[in-house]
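Provided below for reference: sequence and predicted model.
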Amino acid sequence: MREYSVLIGGKAGEGINTAGLTIASLFDHLGYRIYMYFDYPSLIRGGHNFAIIRAAEKKVGTHRDTLDVVLALDQNSIDRHADQIRNDTVVLYDTYAVKRAEGYGIPINQIVEEEKAPAITRNSAMMAAFCRAAGIDRELLESVFRRSIKEKYIDVNLRVAERAYGAIDEVFRIPGLGQTGLPALTGNEAIGLGLVRGGLDTYIGYPMTPTSNLLHFLAEHTRAFPVRVIHPENEIGVMLMALGSAYAGNKTAVGTSGGGFCLMTEGLSLAGMSEMPITIVEGQRPGPSTGMPTYTAQGDLHFVLNAGQGEFPRLIVSPGDLEEAYTWSAAALMLSWKYQIPAIVLADKTLCEGTFSFDIDAAERPPEASPYLWDGEGEYRRYALTDTGISPLAFPPAEGALIKANSYTHDESGFTTEDAARAGIMQEKALRKAAGLARELEGYRTVSVSGSPDATTVVASFGSQKGAVLEAAEHLGLKTARPLVLNPFPVRQWKEALDGADSVICVENNATGQLARLLRNHGFSVDETVLKYDGRPFSLEELTARLSEAVA
Amino acid sequence: MREYSVLIGGKAGEGINTAGLTIASLFDHLGYRIYMYFDYPSLIRGGHNFAIIRAAEKKVGTHRDTLDVVLALDQNSIDRHADQIRNDTVVLYDTYAVKRAEGYGIPINQIVEEEKAPAITRNSAMMAAFCRAAGIDRELLESVFRRSIKEKYIDVNLRVAERAYGAIDEVFRIPGLGQTGLPALTGNEAIGLGLVRGGLDTYIGYPMTPTSNLLHFLAEHTRAFPVRVIHPENEIGVMLMALGSAYAGNKTAVGTSGGGFCLMTEGLSLAGMSEMPITIVEGQRPGPSTGMPTYTAQGDLHFVLNAGQGEFPRLIVSPGDLEEAYTWSAAALMLSWKYQIPAIVLADKTLCEGTFSFDIDAAERPPEASPYLWDGEGEYRRYALTDTGISPLAFPPAEGALIKANSYTHDESGFTTEDAARAGIMQEKALRKAAGLARELEGYRTVSVSGSPDATTVVASFGSQKGAVLEAAEHLGLKTARPLVLNPFPVRQWKEALDGADSVICVENNATGQLARLLRNHGFSVDETVLKYDGRPFSLEELTARLSEAVA
Amino acid sequence: MNGSDLISPAQNTWCPGCGNFGIQHMIKAAIAEITGEGFPRERIVMVTGIGCHGKIADYFNINTYYAIHGRAIPVAAGIKVANPDLKVICHVGDGDAYAEGLDHLVFAAKRNADITVIVHDNRVYGLTTGQYTPTSPAGFKGRSTPEGVPEHPINPLELMLASGATHIARGYSRRLQPMKQAFLEGMRHRGFSFIEILQICATYFNLTDYYNDHVYDLAEGDIDTGDYESALATIREWDYSADAPIALGTFYRVGRPTFEENFPARKEGMEDREGLIRDFLQGHR
Amino acid sequence: MNGSDLISPAQNTWCPGCGNFGIQHMIKAAIAEITGEGFPRERIVMVTGIGCHGKIADYFNINTYYAIHGRAIPVAAGIKVANPDLKVICHVGDGDAYAEGLDHLVFAAKRNADITVIVHDNRVYGLTTGQYTPTSPAGFKGRSTPEGVPEHPINPLELMLASGATHIARGYSRRLQPMKQAFLEGMRHRGFSFIEILQICATYFNLTDYYNDHVYDLAEGDIDTGDYESALATIREWDYSADAPIALGTFYRVGRPTFEENFPARKEGMEDREGLIRDFLQGHR
Ligand SMILES: Cc1ncc(C[n+]2csc(CCOP(=O)(O)OP(=O)(O)O)c2C)c(N)n1
Ligand SMILES: Cc1ncc(C[n+]2csc(CCOP(=O)(O)OP(=O)(O)O)c2C)c(N)n1
Ligand code: SF4
Ligand code: SF4
Ligand SMILES: [Mg+2]
Ligand SMILES: [Mg+2]
């Protein structure tokens, strides 16, 4: 497979993310599928940011440690990545900001100064130098610039680019592949589109990395999509406002990370008792507590599985790439309405803020689950007992209907009760909904299997590990299995996935092996865990090495 | 075993709880061990309250369905308990409030009116009638009244009692046992005493059933014990104030139920990251959400096990009676300080609000764990790396020491870091603390075993199930095993407890078998669950029947 | 129409003498009046907190969301923004709205959410058996403060004025008709209306005599309800602790755009969601 | 003593031009002054929220608790009540203290907790890249409100006055010496002191020119700081949205017993805890 890995690095505020996306866009136009990992500390200016863009013939979902090209806007881009730079890595650097480097120096600062251009255009210069070095047409660069840069800044950027283009010669040539391109989106954007697809009316959020950009994305597109976006005082307000919104019939989602999710747990339990549909996007990051806000982790699995006092059914989906994020966010929203339960889209920084080529046609169609609506006949009872445990929904105003939602244990009409028998019956209603949801999910592919079908070692993972695990397992000839739904756990499909396996290795971005624990919960054994808990996702090389060790 | 079960029932506001406690006190003075179950809906006046006092020669911790005596201050006390009243049950009732009953009518209303006594004295009349019917000396009643009734009300109560005493003849005779009595306390009180024993400096709480009375108890006794009690604006304030208090060196505990615990989860995670010792009393009640506030459940086990984002060690203890509540609340507080971790005392309404004879001499001595304090030598580093993972503590003011607590991932000195390697090291520090705690707990009896040692069926339970399970298993010749510590789970001791068992039945007050799930987590199989999820604890008869069914 | 069919068959479990009865009676009368005028009953939603006050949800044959302690207000705001055609009344307690969830009250006022918040201010936690609340007077002996609360109470009306509430009123649970007027005014006010009712708690804090001695009704001209300073001066006459005359009536009332107006009604022609998404993706490369 | 040893070696990562530098500089100067006067440095504790402002915890060689978003104030109050000998300074953001955790701010004021709260009010969420906060002016285009915030800001000083704060002041991050004075006054005030700093956010909301044009220092006699009405009138001159003169200085200052005084110091002779418990049990039957 033809592929390239390009790193661009500089300081926060120097537009590294934008530059990375521009490079991704260039590759896209050349027919490559891309994945971009963006690494940044929690600060606004300074520090060291870098993006690694991996472009390949086929879909990829992880970065490599070994780099083909390094574009260094600061010295850290060389120094901190020394072991990723091989002899044949093409290194371009700004001769002013970078003092110690081997490769091709570009007098970027000088160009920018001479052109009286703002400092932020340094990255345009670097991209132009990259294009020239990689044999990419300047017309393509220009057209990409014209799409991504605001009208009033375009000229100065092109001027600077032109100069930098001339400051270096072609070093190698990235060939076009002739494939049709695909839009590059972040996980947040794919989740947002999935929610829209599932019927989202209202999104309510309080900023928190890594889902702030989901809030921003939807807020920016309230004209493109029929969605209302609200940013209230805090996550408690978010969650409770969302439940009110759902009560009034709006399909509502919220987004946060672990710390904000803590504040939503009381509302989550209220959703459980009052049977209010709600979808929560939980983007994990390293904890405990504030932890490392801009880095990644999968440390909240059992928290979301068990959050909220008391026992109530919930759906938890765990997409591993954009297509799954799209499909399962839509599914989460729709199923939450069908079963009147909370649904959680469990993601993490790697997925939320990673950029991937998105192929909507490759995404599975989400199940078209619709809410059961009251037919208007007879007396309305919000919590009417049915075989499925699902009570028909009505929203105010509904003439003749009394719509009583309740956080207390209640009777069918929604009036408070403390009667022992009725309490038991209502708890069983909840259990029936859980069982029905589990049965319905049997009809979908909720466990994804790949790799060598006959391998006896299965690599299990969830969520954003997908990209790295799939490739590493392929290299090593192993089989992989991944639950797309974490709750209700797809026991039968997992059993099938494990058919013929005699050893299971869990790959996780946490310190205690939370997927392994979940599998053991359900009676499956796990032989080994390969864990990473330093806030960084596995690179392909690192995972391959760790896995081959584990297999040995 | 000689034993009696007495039910007293009436309306909320009629002092049923107090009357029950007075009856318990009478039995205590006669040398009986007592247990009292108090059942009341969430309202202030009216409705139906009842207390069942069980008095026996030996320690008991559960109520019976079959009653020896019924004291009915309202019609509900007869009607709702019809199937608990046998032919030989002695029924005393107020002839005014109760229209349909068989037994001994006492003209209580008339007496109270004639004596121009307040309505609340009706229960004093009923107790006097009970004493006479049961052959209990009026002197004993008077002395018990004098201890429990305020000086200024004593005369009118004695007048009323005197009249009621004369309104019935002796029906049977409860003999004195000649044993020394024991004080009757609630679980809340025993937990409070345990915390005091463990070194409590400050208790912070926001009212929530079933732990409000822990707040009240400690608030009332700030002169008897060196404890400061604070009731802030909400549970978030509670938890964060408590962490500040701990930072300044105060041994601090908080109390709540599931809904309030939700609001503490973000602070819990902060305790994890900043390594701040804190003890949380979580009194479970039926959820989800507001549920049935004054009833009981064990539905929050996995929530407390997994609450808070990220991964950090925690201690969870699960006492089953007062002696365990005392010992393990003290232990929780001390161990939380030794390991600088959050500790949770997981209780429920049955334990918190149940009244039991408390034998402090029968309580195991809590481990005398002390915090590691800084020796004042060299540079102070709040998160210094050690073999145990435990860093020596210092509190401001400490001359020459910089005491930096931090919610971010941090270095040894407490400065924020986002460095991958350091993040990993700090996560491993936390894992070492968890391992050390698990090792230390190996030295204590953390699994309690009882019943027939050779039985091959083991009844597993946790917390307040103790009383019912122990007796039921004894009847049925089964063995019982109960973890006193739920996390870190005492794997080795559990294995030993299960030695020779070929079937395990979990008895739980929840709908999904949460202990069973925890056991499976740790690789233990569970064959059957006996669950009750209607807000009521098992009675001895009910559990015996359900267990013998499960065994068959 | 006297509104008797508005009352549900659920058993009422408030204590005899509880001020909640008066509140219930008058909100019923107010609802009967607006429905009598043709406002459809099904367009009314009542949201409550948890506490004795919250039980009012069970007592009405009206759409209700019996929410959680301290968090009724964001639920109410969420309902209203989702469907601005609804009339949303929010019954909360003083522990509920002034302690547990104070921030939501302030923000509802700041945003001018078009909901009516009725605080059953009995100045005690009733349902949890008698602890002090933010409006309990200094020295109050509650179960968590057996030696008397040392703190000074807040004046919630003052706080609401500072938070941007556009309608501020106070009633007293034993003054029935003025309460009804207050409820009607609040429900008719476009924007956030805050109505605090001094509610008798017969069991844990019976201030009947105190209130009877101290309350007076604001008369026409006593106050300029459009004027901040005028409102504030009267609001500050009584500080919830010291002896002083206690004004009842409307203190403040101004017009301001509501929160819900920020979200224009749903767009037409946006049913084909997959189409919208594909359009978006088309424009995205 | 110039306080340079108060600054830690941690790398400072605020943006160039950020107003936090000025705040840092002046709190350092204020601390240097009180330690220079003999107040032991180890008796100072700084508690911070999460946001750009919170980074100040890392930048000081001082005891710190770098807490969580919105919840620094109860941590600070808990420290102070546990050890009233400590001087507790609490640095919070506007998103932090006015949105996420507003209730704690109000209650710290109500209780008169003897802590000094310094709000870095840049009127934007800095660290999460530029969303509106409760003090952003109407119309502010943040990342969550690309079409402009429709809500009116709160005036935090007004809210604090209504909440019972006993010391209220305002500074501006480019007026260094007055800021230092404000910090010193706040730290020396016995009781709750609230100091709001209008802080420049160079990246997301640079109001330097606006503030330079509008601020003025309160002069001796401009205001009677012991008088509520006088304070309020000046506080209300500027509503955080419309153009108006912006007063800097101390607005209000009164004496009131502090929260910590409610908890008498620990009793002597209570070391034998098991003995105390046995005594209690003895008396309990
Ligand atoms: C998060 C949470 N904390 C505590 C409680 C327990 N609780 C129920 S009602 C109540 C107090 C109610 O006081 P108030 O709001 O004044 O209502 P009132 O009973 O006086 O009408 C409390 C603390 C709860 N349900 N939820
Ligand atoms: C519970 C929670 N919600 C959200 C966040 C994300 N967060 C971190 S800082 C911040 C905003 C900070 O704004 P402000 O308090 O004004 O501080 P500034 O950065 O402007 O100094 C937010 C929302 C968080 N850390 N915790
Ligand atoms: S406790 Fe007070 S508020 Fe509650 S119902 Fe009784 S009188 Fe009313
Ligand atoms: S984003 Fe604003 S507040 Fe934050 S460091 Fe930069 S200039 Fe300062
Ligand atoms: Mg109240
Ligand atoms: Mg800010």
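Looks like it came in fine. Ligands and ions are numbered 1, 2, ... in the order given.

C-alpha from now on. contacts and neighbour counts both.
Noted.

how about the residues of the stretch 101-250 of chain C near ligand 1?
By CA under 6 Å from any ligand atom, the part of the stretch 101-250 of chain C that sits against ligand 1 consists of C:122, C:124-128.

among those, who's most crowded?
Within those, most neighbours by other CA atoms under 10 Å in any protein chain shown means residue C:122, with 29 neighbours.

Next one, pLDDT for it please.
Per-residue pLDDT puts residue C:122 at 98.

before we move on, what about the one 5 residues further on?
Note on residue C:127: pLDDT of 97.

Now do the contacts for it.
Shown in contact with residue C:127 (CA atoms under 8 Å, 6 or more residues apart in numbering or on different chains): B:42-44, C:51-52.

Redo the residues of the stretch 101-250 of chain C next to ligand 1 as JSON lines? Include secondary structure.
What follows is these, written out as JSON lines (DSSP: H, G, I helix; E, B strand; the rest coil):
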{"residue": "C:122", "secondary structure": "coil"}
{"residue": "C:124", "secondary structure": "coil"}
{"residue": "C:125", "secondary structure": "strand"}
{"residue": "C:126", "secondary structure": "coil"}
{"residue": "C:127", "secondary structure": "coil"}
{"residue": "C:128", "secondary structure": "coil"}
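
These: which two are farthest apart?
Comparing all pairs in these by CA to CA, the longest separation belongs to C:122 and C:128, at 12.9 Å.

State the pLDDT value of the closest residue to residue A:502 other than its chain neighbours.
Excluding the flanking residues, the one nearest residue A:502 by CA to CA, 6 or more residues apart in numbering or on different chains is residue A:456, at 5.3 Å. If you check residue A:456, the pLDDT there is 95.

How much space separates residue A:456 from ligand 3?
According to CA to the nearest ligand atom, to the nearest Å, residue A:456 and ligand 3 sit 66 Å apart.

I'd say residue A:72 and residue A:92 touch.
Yes: Residue A:72 lies in contact with residue A:92 (CA atoms under 8 Å); the separation is 6.2 Å.

Whichever residue of the stretch 251-400 of chain A sits closest to ligand 3 - nearest residue in space that isn't next to it in sequence?
Per CA to the nearest ligand atom, residue A:270 is where the stretch 251-400 of chain A lies closest to ligand 3, at 23.0 Å. Of all residues not flanking residue A:270 in the chain, residue B:289 sits nearest, at 4.8 Å (CA to CA, 6+ apart).

and stretch A:79-99, which residues are buried?
Within stretch A:79-99, the residues that qualify as buried are A:81, A:84-85, A:89-95, A:97-98, counting by 16 or more other CA atoms under 10 Å in any protein chain shown.

Let me know the closest of those residues to residue A:2.
Among the buried residues of stretch A:79-99, and counting by CA to CA, the member closest to residue A:2 is residue A:89, at 15.8 Å.

Show me what the host helix or strand of the closest one is in contact with.
Residue A:89 belongs to strand A:85-94 when assigned by DSSP states H and E. Residues outside strand A:85-94 that contact it (CA under 8 Å, 6+ apart): A:66-74, A:101-109, A:126, A:129-130, A:171.

mean confidence for it?
Mean predicted lDDT for strand A:85-94 stands at 96.

State the distance from the closest residue to ligand 4 within the stretch 151-285 of chain C to ligand 5.
For the stretch 151-285 of chain C, the residue closest to ligand 4 is residue C:163, as judged by CA to the nearest ligand atom, at 25.3 Å. From residue C:163 across to ligand 5, the span is 22 Å (CA to the ion, to the nearest Å).

Residue C:170 now?
In terms of CA to the ion, residue C:170 sits 16 Å off from ligand 5.

which residues sit in contact with that residue?
C:182, C:195-198, C:247-251.

Widest-spaced pair of these?
Maximum pairwise distance among those (CA to CA): 15.0 Å, between C:198 and C:251.

about what we covered before: which one of the contacts of residue C:127 is nearest chain D?
residue C:51 (19.7 Å; CA to the nearest CA).

Run the contact check for the longest helix along chain C versus ligand 5.
Ranked by residue count and defined by DSSP state H, the top helix of chain C is helix C:20-36. No: residues of helix C:20-36 contacting ligand 5 under CA under 5 Å from the ion: none, with a closest distance of 10.5 Å.

Could I get the pLDDT score of residue C:2?
56.

That should have said residue C:269, apologies.
Turning to residue C:269, the model gives it a pLDDT of 74.

neighbours around it, how many?
Neighbour tally, residue C:269, other CA under 10 Å: 8.

So it: helix, strand or coil?
Residue C:269 - assigned by three-state DSSP - is coil.

Quick check on it: phi, psi?
phi 70, psi 20 (degrees, to the nearest 10).

what about the closest residue to residue A:538 other than its chain neighbours, how many neighbours?
Spatial nearest neighbour of residue A:538, chain neighbours left out: residue A:468 (6.7 Å); criterion: CA to CA, 6+ apart. By other CA under 10 Å, the residues close to residue A:468 number 24.

Residue A:468 belongs to a helix?
Yes: assessed with three-state DSSP, residue A:468 lies in a helix.

per-residue confidence at it?
Residue A:468 is given a pLDDT of 98.

same question, residue A:46
In this model, residue A:46 carries a pLDDT of 88.

thought it was touching residue A:9?
No: Residue A:46 is beyond contact range of residue A:9, at 11.6 Å (criterion: CA under 8 Å).

And these two? Which one has more around it.
residue A:9 (33 against 17).

measure the more buried one to chain C for me?
23 Å (CA to the nearest CA, to the nearest Å).

helices or strands next to the host helix or strand of that residue in the packing?
Using DSSP H and E, residue A:9 sits within strand A:3-12. Using 3 or more CA pairs under 8 Å, 6 or more residues apart in numbering or on different chains; DSSP states H and E as the contact test, the elements touching strand A:3-12 are helix A:16-29, strand A:46-56, strand A:67-72, helix A:76-79.

hmm, the second one in reach of ligand 4?
No: contact of strand A:46-56 with ligand 4 (CA under 6 Å from any ligand atom) is absent, the minimum separation being 9.9 Å.

Show me what that strand is packed against.
Strand A:46-56 packs on strand A:3-12, helix A:16-29, strand A:33-39, helix A:76-79, going by 3+ CA pairs under 8 Å, 6+ apart.

For ligand 3, which of the ones you listed is the nearest?
Closest among those, using CA to the nearest ligand atom: strand A:33-39, at 55.6 Å.

how close does the residue lying closest to residue C:23 once chain neighbours are set aside get to residue C:216?
Once flanking residues are discounted, residue C:23 sits nearest to residue C:173: 6.0 Å by CA to CA, 6+ apart. Going from residue C:173 to residue C:216 by CA to CA, to the nearest Å gives 13 Å.

Next, count neighbours for the closest residue to ligand 2 within chain C.
Residue of chain C nearest ligand 2, by CA to the nearest ligand atom: residue C:103 (14.5 Å). Neighbours of residue C:103 under the rule other CA under 10 Å: 29.
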